[in-house]
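>>> Predicted model and sequence below, questions to follow.
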Amino acid sequence: MSGNLKTKNISLDTSFIEAQNFINGNIIKELGKFGREKRISIYMTDITLKEVHARFRKNLLQLEEKIKKPLNTLKSAGFILKNFNTYDALFNLPNYDTESLLQDFQAQFENWIKVSRITIINTAHLTIGDVFNDYFSNNPPFREGEKKHEFPDAFTLKGLEDYFSKKGESTYVISPDKDLQSKTSKTLIVVADGGLLLDTVNRTSSNLHDQELIDSIEQLFKVNKDSLLKDLELDIEWYIENELVNSPDYFLVSRKVTNVSNTGFEEFLITQLDEKGAVVTSKTTISFTAELSFFYNNKALYDPEHNSWFSSDNTNYQKSIVYSKAIPVTLIVYTKSEHSIRYETIKLSSLNNSYPLGIYELAMFNRTP
């Protein structure tokens with residue numbers, strides 16, 4: 001449960017924006033809405049603005065490398081599919097133009113900044129001397145190792161600290177970056193979870209109607225908690241099975257998954273609230289063990305006679321994995337309108353924001369023989 005809102009100032013870090021798929025995530029969308037409604041004041045530095053553009057370009061280039069070859073292969077090898085109208089779109093995809101996509105995003109991002117009433121803080125007056133003391137003392141965001149990569153974060157923090165200290169105010173800084181989270185300051189309140197802030201803003205609303213809606217959501221969750229836990233268990237099993245058998249890099253021969261467990265709903269954050277419905281975010285820690293037998297897809301050969309796949313080098317690899325990871329859980333609350341607005345249904349919407357659990361991203365799978 002959230003505490004009191006210490007300030008209505010909220011500053012955004014590059015890593016948070018990127019983790020929200022830039023301006024496409026539910027939390028950043030809701031923050032923008034609160035900014036438009038003047039319920040909060042949103043800030044970012046000019047350094048963050050430039051970093052966001054650079055990260056978007058980098059992600060576009062990485063995606064281009066990943067999809068170019070398979071798309072070209074599919075278009076050439078799948079030429080027979082031109083006989084079917086349903087596959088027309090496959091052969092009429094627009095060219096992947098990184099610069100054009102980047103320009104489109106920059107325009108969208110600038111518009112989002114404008115309509116969300118976001119203030120861009122200028123950091124041009126800062127000098128290298130302002131951050132060198134932290135650099136040599138290994139103070140956050142610097143740490144032992146490749147510290148040069150932390151300079152943008154260091155200037156961002158100094159810029160925010162300078163700006164808000166002169167105003168005699170403080171600001172939340174949303175950042176999943178652990179180096180930034182260790183920063184202690186009277187001016188900067190670094191939080192990892194933007195959902196926690198949204199929940200706090202909702203709960204500190206002076207609108208009596210909002211408080212009644214929150215009470216009804218909590219009661220609805222309490223009444224339906226047992227069935228929601230069962231749905232959570234079934235969804236986790238489906239996510240695990242689906243990811244194991246649908247890897248683009250590994251052909252699974254056999255698997256034995258045991259000791260599947262979860263920690264239930266570890267928190268209850270109301271991150272979206274209106275008369276059309278509500279969104280509740282939580283998290284759960286998934287744990288399981290698995291014995292896997294697989295081979296790499298680049299060594300896969302198909303035997304049409306037996307309708308089966310086998311490894312070209314006749315080698316099946318064996319792996320034992322122990323998985324334990326905290327992931328976000330999203331629940332949707334629906335309303336029913338009759339004589340008055342009331343919340344009636346709460347359902348599990350997604351795990352891990354509908355992204356894979358990252359089972360095959362474990363270190364032992366990162367090396368192709």
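Looks like it came in fine. Numbering: from 1, shown residues only.

>>> Next up, identify which helix or strand Phe251 is on.
Using DSSP states H and E, Phe251 maps to strand 250-262.

>>> in that strand, what counts as buried?
Tyr250, Phe251, Arg255, Val257, Asn262 (16 or more other C-beta atoms under 10 Å). In this view, the C-beta of every residue, glycine as well, is placed from N, C-alpha and C.

>>> Look at the closest residue in space to the first one that isn't next to it in sequence and say how many residues are nearby.
Of all residues not flanking Tyr250 in the chain, Phe294 sits nearest, at 4.7 Å (C-beta to C-beta, 6 or more residues apart in numbering). Phe294 has 21 neighbours, counted by other C-beta atoms under 10 Å.

>>> now swap in Phe221 and tell me
Neighbourhood size, Phe221 [other C-beta under 10 Å]: 19.

>>> That one: what secondary structure?
Look at Phe221: counting by DSSP: H, G, I helix; E, B strand; the rest coil, its state is helix.

>>> Return the residues in contact with it.
Leu228, Phe268, Val280, Leu331, Ile346 (C-beta atoms under 8 Å, 6 or more residues apart in numbering).

>>> Show me the shaky parts of the stretch 151-300 of the chain.
When residues are selected by pLDDT under 70, those of the stretch 151-300 of the chain lie in 151, 206.

>>> can you pull out the helices in it?
Taking DSSP state H, counting those that start in this stretch to define them, one finds helices in the stretch 151-300 of the chain at 151-167, 178-181, 194-203, 208-245.

>>> Of these, give the one that comes closest to Glu65.
With C-beta to C-beta as the measure, helix 208-245 is the member of the helices of the stretch 151-300 of the chain nearest Glu65 (22.8 Å).

>>> quick check: angle from that closest one to helix 194-203?
Computed with axes from the mean of the first three to the mean of the last three C-alpha atoms, to 10 degrees, the direction of helix 208-245 lies at 160 degrees from that of helix 194-203.

>>> Quick one: distance of helix 208-245 to the chain centre.
Its chain's C-alpha centre and that of helix 208-245 lie 19 Å apart, by C-alpha atoms, centre = their mean, to the nearest Å.

>>> Turn the contacts of Phe221 into JSON lines, including distance to His306.
Shown next, in JSON lines, are the contacts of Phe221 (distance: C-beta to C-beta, whole Å):
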{"residue": "Leu228", "distance to His306": "44"}
{"residue": "Phe268", "distance to His306": "52"}
{"residue": "Val280", "distance to His306": "49"}
{"residue": "Leu331", "distance to His306": "45"}
{"residue": "Ile346", "distance to His306": "48"}
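
>>> Can you list which of those are found in strands?
Judged by DSSP state E, the contacts of Phe221 include Val280, Leu331, Ile346 as members of strands.
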